[in-house]
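J.: Test case, fold it:
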Amino acid sequence: MRIVPSQFPLAANHAVLDRPIVPPFPDDSRRILFGLGCFWGAEKSFWQQRDTYTTAVGYAGGTTSNPTYRDVCSGTTGHAEVVLVVFDGPDETLQRLLDVFWESHDPTQGMRQGNDIGSQYRSAIFAENDADLALAEDSRNRYQKALARAGHGTITTEIATGHDFYYAEDYHQQYLAKNPAGYCGLGGTGVSAR
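T.: Model (predicted):
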């Protein structure tokens, strides 16, 4: 995964965690991108996790370089709204983050999440390497079984490596910390991933 330098001016530090949202990150940190609908509420879900070093929102999975929010919302870029999660710890830490991902949205909805419709709202996991990709795929398979037992459909989550991350505009970063009454359309299925 390549983190592309921002084309937009960004705040120096995370509004909640007070750590950088742009590299360099600590040498032993790991990175993953999660797409689960509107990135405002998604980012909050991850900055609240104990092993998260920092988060940022942006775009990934498409074909357009340096897209803007307007570009992504047009549906022509192929990008999803994603959260960059930089975290510390072993594979068990990543598994906990994957559990948060699965439980925080409905991964069976295809190109939408609730009332948010379009390819930018699709469910996606973009891993940094093949080992993390395998962990993500294993977690999907386990969660699919739990969803099936509860009467839900098939997971449509895109899981891949090799995607570039483009930062979103500064006003999107930690949006719900800056706007506590702001919109959050996230809603899970109520099925536990644990």
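
J.: What's the separation between Asn49 and Cys73?
T.: One thing to correct before we go on: residue 49 is Gln, not Asn. For Gln49, the distance to Cys73 equals 28 Å [Cβ to Cβ, to the nearest Å]. The C-beta positions use only the backbone N, C-alpha and C, and glycine is treated the same way.

J.: got it, and Arg2?
T.: For Arg2, the distance to Cys73 - Cβ to Cβ - is 23 Å.

J.: Among these two, which residue is more densely surrounded?
T.: Cys73 (15 against 10; other Cβ atoms under 10 Å).

J.: Excluding residues flanking it in the chain, which one is nearest that one?
T.: In this structure, Cys73 finds its nearest non-sequential neighbour in Gln120, 6.4 Å apart by Cβ to Cβ, 6 or more residues apart in numbering.

J.: just checking, the one you found is part of a helix?
T.: Yes - assessed by DSSP: H, G, I helix; E, B strand; the rest coil, Gln120 belongs to a helix.

J.: does Ser45 count as helix, strand or coil?
T.: helix.

J.: Kindly provide the distance from the nearest residue to it once chain neighbours are set aside to Ala136.
T.: Nearest non-adjacent residue to Ser45, counting by Cβ to Cβ, 6+ apart: Ser104, 4.9 Å away. For Ser104, the distance to Ala136 (Cβ to Cβ) stands at 15 Å.

J.: what about these two, which has more around it?
T.: Neighbours were counted for Ser104 and for Ala136 using other Cβ under 10 Å; Ala136 has more, 24 against 21.

J.: measure the more buried one to Thr64 for me?
T.: Taken as Cβ to Cβ, the span from Ala136 to Thr64 is 24 Å.

J.: same check, this time on Val4
T.: Distance from Val4 to Thr64, counting by Cβ to Cβ: 12 Å.

J.: show me what contacts the nearest residue to Gly190 once chain neighbours are set aside?
T.: The shortest distance from Gly190 to any non-neighbouring residue, by Cβ to Cβ, 6+ apart, is to Ala150 (7.8 Å). Applying Cβ atoms under 8 Å, 6 or more residues apart in numbering, we find Ala150 in contact with 189-191.
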